[in-house]
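>>> Coordinates only, no sequence provided:
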DNA sequence: CATGAATGAGGATTCATTCAT
DNA sequence: CATGAATGAATCCTCATTCAT
């Protein structure tokens, strides 16, 4: 791959992330992305089939990176409960340190785009999570419900809390975080 | 003067609800609403100051109705845990029986409009919930966390589950629902 | 005439004058006038055939009043040159004391409306001026040019000066005014 | 990329000029301009930032051309009074030969747009005039008033006369013109 | 690979006016 | 006399995308 092209792609992604975060998904147009990336809007169509394609690819890339980063320090040998709390803590920290990425993902999740992600990307998105919870179930530590339900109680309350935190309506104290970790665990544990 | 057509307002609300549900909030334009309601788009501005005003008023109306309906059968005398499960069950049933309303509210919650709701509507939106959880806290049945956090663990996982159910990716069995009621209670109870 | 109706008409005129002055002629809509006058916009059509009709009638009324006021203190017996300077001075003072009226008239003069004034109003607008200059010509004090040309050199430079003064780009000192009186007189005198 | 069609810009300017002249500034919409220029209205936004931008650029271009043309034959060596009369005569001739340009400029001057001209254009608009009158003042031929006042008495009466001529209410004879030249000179000379 | 030019479709909103009461 | 309701036409402008170079 040539260096120059690499930069252009990166610029497009960066500009998109910045715009969606600052102006919102619906205010992010191709021409605004192009202007921020210092390229012609038609150049975007050299790299992506459509605006939708661009947004989906950015989403998948960001979520994949996030998953890898969060699961990175989880060791197979540790106790599951411990791992769970570390995982959720990693998630919280990642979000707080990368608010742009979080806000982009959230906007995407709640847009019609979410249902247009091609199946081929599913593994990238869910595999790490699935196998983690599978392990917990095999050890009979988790309620006998679908993995999906377990992830729902793990992530969504946290996501909501932090969204509210970002909008300034709630504080995010250590005690808050500790509560959340406990509440999520209480929800899913046997 | 011409007599006001009571149906017209209803038609506008209905058309809006239908469009947001089927096409999405960002694809819902004033002219599409007007066309579906069989009126001129300028007529909408007789009833509402702006598109934003229309959407907010519809949201508040729907959410108020939903709250009333959900809390209707909750009796003060019952045991709190029992009331909680009935409440959550009512919520689930209401959503399932009124998918349009649910989908509209969800889209609205996750749009920039949510932060533009005038304060004067806050009571309509939050009062019933707040006083319910307050009662549970006074009986020392709930974790010592903010009411906000309690509602987050009550509603958001359910909301997420049902959204996934509507998108066809998950089934919604009685056992599923029973699990959810239990998980939410486990999350918030002392 | 009923008192109440009188007020309504006055309110419409006042609101129109205020709006044209503050927002400009093109930003003055019937509905804005109605709102400012605290009436329904359809009520305006009880008093006037159209927006155009309203504006023209207001214009004629204002200009007639101005003419009367300016010529009021001119005495037939005085020397013409003296009368001329008093007249021009009256004009300047009237404008400065009634900037709204002046700005309205100027906007009207420079709009397509000006050419739509029905002939029947011409007398109201020009008669006093015409007969004044006629007198000067009869005394052989003025250049042998059309009365129209005389009025042009009398009023328009003054109008321009004061418009620029209102826009803040120029000061309006006594010496300035004295210069203008002299320059206008030099232009038209034999 | 497609090659830029030089004619397109010209077409837009021509269409705008024609419309403002025939229908008036306030009746000149972007879509009408586009239709007359045989392009899509969105194409106009390829060449100009906004309607305002288009009108200002056209105005500056026309006025610059006019200034150049009028001052073209003025020689530094001639007597000032002679130059002045030639200049004013050139102005009159230019206007009569280019009524569209004159009417456009007049409408623009009397619209809110006039106050929105960016400072960077000021030199293009005023420099030639300013330095001309400066010369006259240095020779002590002109009244001791601001240059602004001198230009007011030079141009505005002429402008007014010709506007009335165009509207058909007055004739424009050689003797008329000769009178105007004299009256303007009498107004500004010492 | 890269891009400036070009566009039809559509966006929210305001307009002057008419209508029925 | 007075008016609230209703509207079709029009406003400026942005959109995602395509085209020819």
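That came in fine, so what should we check first? Note that the coordinates shown come from a computational prediction; the quantities given were computed from them, not determined experimentally.

>>> Okay, domains of chain A per the record?
The record, using automatic domain parsing to delimit domains, assigns chain A the ranges A:1-47, A:63-188.

>>> Which other helices and strands does the lowest-mean-pLDDT helix or strand in chain A contact?
Sorting the helices and strands of chain A by mean pLDDT, DSSP states H and E puts helix A:3-23 at the bottom, at a mean of 87. In terms of contacts (3 or more C-beta pairs under 8 Å, 6 or more residues apart in numbering or on different chains; DSSP states H and E), helix A:3-23 is packed against helix A:30-37, helix A:41-47, helix A:51-71, helix A:99-109. In this view, the C-beta of every residue, glycine as well, is placed from N, C-alpha and C.

>>> Checking residue A:144 next. Helix, strand or coil?
Following DSSP: H, G, I helix; E, B strand; the rest coil, residue A:144 is assigned to coil.

>>> thought residue A:86 was touching residue A:73?
Yes. With contact taken as C-beta atoms under 8 Å, residue A:86 and residue A:73 are classed as touching, separated by 6.8 Å.

>>> Those two: which has the busier surroundings?
residue A:86 (17 against 12; other C-beta atoms under 10 Å in any protein chain shown).

>>> Contact partners for the spatially most central residue of chain A?
The centroid of chain A falls nearest to residue A:63 when counting by C-alpha atoms, centre = their mean (4.3 Å). Going by C-beta atoms under 8 Å, 6 or more residues apart in numbering or on different chains, residue A:63 touches A:105, A:124, A:125.

>>> Of these, which is the most crowded?
Counting neighbours by other C-beta under 10 Å, residue A:105 leads the contacts of residue A:63 with 19 neighbours.

>>> On the pLDDT front, check it for me.
As predicted, residue A:105 sits at a pLDDT of 95.

>>> Residue A:82: neighbouring residues, count only.
For residue A:82, the number of neighbouring residues by other C-beta under 10 Å comes to 11.

>>> Please apply the same query to residue A:61.
Residue A:61, neighbours per other C-beta under 10 Å, totals 13.

>>> In chain A, what residue lies closest to DNA strand F?
Nearest residue of chain A to DNA strand F (C-beta to the nearest atom of the strand) works out as residue A:29 at 3.0 Å.

>>> Briefly note if the least confident helix or strand of chain A comes near DNA strand F.
No. Judged by C-beta under 7 Å from any atom of the strand, helix A:3-23 and DNA strand F are separated, with a smallest distance of 9.0 Å.

>>> so that helix versus helix A:99-109, what angle?
Helix A:3-23 and helix A:99-109 are oriented at 80 degrees to each other (axes from the mean of the first three to the mean of the last three C-alpha atoms, to 10 degrees).

>>> So which bits of chain A are right by DNA strand F?
Counting by C-beta under 7 Å from any atom of the strand, the residues of chain A near DNA strand F are A:27-32, A:41-42, A:44-45, A:50-52.

>>> repeat that with 6 Å
Chain A comes close to DNA strand F at residues A:29, A:30, A:31, A:32, A:41, A:42, A:45, A:50, A:51, as judged by C-beta under 6 Å from any atom of the strand.

>>> of the residues you listed, buried ones?
With burial judged by 16 or more other C-beta atoms under 10 Å in any protein chain shown, the buried subset of those is A:30, A:51.

>>> CSV for the residues of chain A next to DNA strand F, including distance to residue A:101 and pLDDT?
As requested, these are exported to CSV (distance: C-beta to C-beta, whole Å; pLDDT from 0 to 100):
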residue, distance to residue A:101, pLDDT
A:29, 21, 96
A:30, 21, 97
A:31, 24, 96
A:32, 19, 96
A:41, 24, 96
A:42, 28, 96
A:45, 25, 96
A:50, 22, 96
A:51, 19, 97
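
>>> The residues of chain A next to DNA strand F: which ones sit near DNA strand E?
A:41, A:42.

>>> Which one of the residues of chain A next to DNA strand F is nearest to residue D:94?
Nearest to residue D:94 among the residues of chain A next to DNA strand F: residue A:31, at 41.6 Å, using C-beta to C-beta.

>>> give the contact list for the residue lying closest to that closest one once chain neighbours are set aside.
Spatial nearest neighbour of residue A:31, chain neighbours left out: residue A:41 (4.9 Å); criterion: C-beta to C-beta, 6 or more residues apart in numbering or on different chains. Residue A:41 makes contact with A:30, A:31, A:33, A:34 under the criterion C-beta under 8 Å, 6+ apart.

>>> Is residue A:132 in contact with residue A:87, as I believe?
Yes. Between residue A:132 and residue A:87 there is a contact under C-beta under 8 Å: 7.1 Å.

>>> For whichever residue of chain A sits closest to chain C, which residues are in contact?
Nearest residue of chain A to chain C (C-beta to the nearest C-beta) works out as residue A:27 at 27.3 Å. Contact analysis of residue A:27 by C-beta under 8 Å, 6+ apart lists residue A:19.

>>> how about low-confidence regions in chain A?
For chain A, applying pLDDT under 70 flags the ranges A:1-6.

>>> What parts of it come near chain B?
For chain A, the contact set with chain B under C-beta under 8 Å from any C-beta of the partner chain comprises A:24-26, A:106-107, A:110-112, A:115, A:143, A:145-146, A:148-149, A:152-153, A:156-157, A:159-161, A:164, A:167, A:170, A:176, A:179-180, A:182-184, A:186-189.

>>> make it 6 Å
Residues of chain A lying close to chain B by C-beta under 6 Å from any C-beta of the partner chain are A:24, A:26, A:110, A:112, A:145, A:148, A:152-153, A:156-157, A:160, A:179, A:183, A:186-187.

>>> Which ones among those lie within strands?
Counting by DSSP state E, no part of the residues of chain A next to chain B is found in strands.

>>> So what does the residue of chain A closest to DNA strand F look like in phi/psi?
phi -100, psi 160 (degrees, to the nearest 10).

>>> would you list the domains of chain A in a markdown table and tack on distance to residue C:93?
Supplementary listing: the domains of chain A in a markdown table, determined by distance: least, C-beta to C-beta, whole Å:
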| stretch | distance to residue C:93 |
| --- | --- |
| domain A:1-47 | 53 |
| domain A:63-188 | 57 |
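
>>> And those domains: which comes nearest residue D:77?
Ranking those by proximity to residue D:77 (C-beta to C-beta) places domain A:1-47 first, at 53.4 Å.

>>> Neighbours of residue A:119, how many?
6.

>>> cool, and the one 10 residues further on?
The local packing of residue A:129 (other C-beta under 10 Å) involves 19 other residues.

>>> What strand or helix carries it?
Residue A:129 belongs to helix A:122-138 when elements are defined using DSSP states H and E.
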